[in-house]
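*Asks:* Could you work out the structure for the sequence below:
(chains A, B, C and D)
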Number of protein chains: 2
Amino acid sequence: MGRRKTYERDDVTERAMRLFWERGYHATSTRDLTEAMGLNPGALYAEFGSKEGLYLEAIRRYESTVVPGHFATLEAPGASLEQVRAVLNFMGGMGAYDGSHLGCLLCNAGIELAPTLEQSEASTARFLDRLTRAFGHALENARAGRRLAEDAPVDELARFFPTVLMGIFVLARARVDAAVMRAAADQALARLASVTAQGRGGPAPVA
Amino acid sequence: MGRRKTYERDDVTERAMRLFWERGYHATSTRDLTEAMGLNPGALYAEFGSKEGLYLEAIRRYESTVVPGHFATLEAPGASLEQVRAVLNFMGGMGAYDGSHLGCLLCNAGIELAPTLEQSEASTARFLDRLTRAFGHALENARAGRRLAEDAPVDELARFFPTVLMGIFVLARARVDAAVMRAAADQALARLASVTAQGRGGPAPVA
DNA sequence: CGGATAGCATAACGATCGCTATTCTACAAT
DNA sequence: ATTGTAGAATAGCGATCGTTATGCTATCCG
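*Replies:* As a prediction, the model looks like this:
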């Protein structure tokens, strides 16, 4: 009974996510949000409880839609060297895309709010852990398939690559020259190449 | 003529810088600032013009005091492989220090304010460029001294290392496990080792 | 068709924001 | 000692913040 909602939760959450992503938490007012989401303050608070609640919901949406969009292949059970390379390659080329200046919402959230909002710090740590597991899994697969050297430092590489990605996200948001991102990703790939089975002991890889 | 100031500009700027560093721009109010700096609002505005002016001054102070504290050796004319390794090593061990959760003010500024404050974006880009030049210079020295392979990709490495550092700063602020930072730095060092003169064609370096 | 009710639209709440005006005080010059 | 002035201290400005209360409207149930 009663009136029907004129919005869908997913849709308005998406809009809020994009605004937080672009401007950050504090620089986005609840009036900006209601306007972009196309709903009145009452509806916002009935639906999400608070600005903080909406922010955390936006983070959840990011984790469940944007992150898989970029890392689903890497997280697939059969992921191996190709998927590791593809992810690094893609992120290295990110500077060429419109919208790359947004960076990564989870990275941004960690920087802006880690000292004051525990759940924000946690989301960044969770993201890092997720990436580390994904890279680790794919690298393990590669080693099991004898495509990596026996003693390749899989765990360290699995921690290294996400860190490089975080660095690239920072560069992207600061609108640094795309060539820097490209070079960073290429050097990470070169490190990987130096522990691949055929690359082992060969000439220094990458130009 | 008239009354004497009861503060020193350097001192209050330092205090403001530390507060901005810890909390970010928006989460630091002018009341927080006046309290921490030990001066009244009038003095703050007479001295710095605005909150934004004070922030930019804090950034300048960071660039002229904190940055050299960490990178002076790398920026020295004679810097070579040792200095490159030392910087990466130090940043890799940063997680062990109290206060590492602050991250890097310039990195934080880029993430939080790049979309809305041009000068903040510029400061991050400037920092990146500065690091790139420093690494590039040191690596050039190393190559000239035949300590790097002839065809070592100096320019790419010089762009790669600062990116890794940015990633480590993000991790630090999100209080990620210190071992991740250590691993990231170690893998960057391993990439370097693979293009050093004696490392060339040898076994895959680093455990 | 006529309550009951859930959601929309609007206004406005108290608090805090960045910033400024005012008043008082300490020091320098005469 | 008097006076002019720069700075300190305080109060408070208008604006905006996150949030909530109020009245109106559309829909469901009987």
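
*Asks:* what about residue A:40, neighbour count?
*Replies:* The number of residues packed around residue A:40, counting by other Cβ atoms under 10 Å in any protein chain shown, is 10. The way it works is simple: take the backbone N, C-alpha and C, and place the C-beta from them, glycine included.

*Asks:* Actually, residue A:66.
*Replies:* Per other Cβ under 10 Å, the neighbour tally for residue A:66 reads 17.

*Asks:* and chain A, which of its residues are near DNA strand C?
*Replies:* Counting by Cβ under 7 Å from any atom of the strand, the residues of chain A lying close to DNA strand C are A:1-7, A:39-43, A:46.

*Asks:* Among those residues, which are located in helices?
*Replies:* Applying DSSP state H to the residues of chain A next to DNA strand C, the entries found in helices are A:41-43, A:46.

*Asks:* which of those residues has the most neighbours?
*Replies:* For those, neighbours tallied by other Cβ under 10 Å; top is residue A:43, 16 neighbours.

*Asks:* who's in contact with that residue?
*Replies:* Contacts here follow Cβ atoms under 8 Å, 6 or more residues apart in numbering or on different chains; on that basis residue A:43 touches A:5, A:7.

*Asks:* Would you mind measuring from it to residue A:60?
*Replies:* Remark: distance between residue A:43 and residue A:60 (Cβ to Cβ, to the nearest Å) = 19 Å.

*Asks:* Do any residues in the longest helix along chain A lie close to DNA strand D?
*Replies:* Ranked by residue count, the top helix of chain A under DSSP H comes out as helix A:118-144. No: applying Cβ under 7 Å from any atom of the strand, one finds that helix A:118-144 is not in contact with DNA strand D, the shortest distance being 14.2 Å.

*Asks:* just to revisit the earlier point, could you dump the ones in helices among the residues of chain A next to DNA strand C into JSON lines and include distance to residue B:55 and pLDDT?
*Replies:* Compiled in JSON lines, those are given as follows (distance: Cβ to Cβ, whole Å; pLDDT from 0 to 100):
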{"residue": "A:41", "distance to residue B:55": "30", "pLDDT": "96"}
{"residue": "A:42", "distance to residue B:55": "35", "pLDDT": "96"}
{"residue": "A:43", "distance to residue B:55": "35", "pLDDT": "96"}
{"residue": "A:46", "distance to residue B:55": "37", "pLDDT": "96"}
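
*Asks:* For chain A, which segments count as helices?
*Replies:* Taking DSSP H, the helices of chain A run over residues A:9-23, A:30-37, A:41-48, A:51-61, A:67-75, A:81-92, A:105-113, A:118-144, A:154-173, A:178-193.
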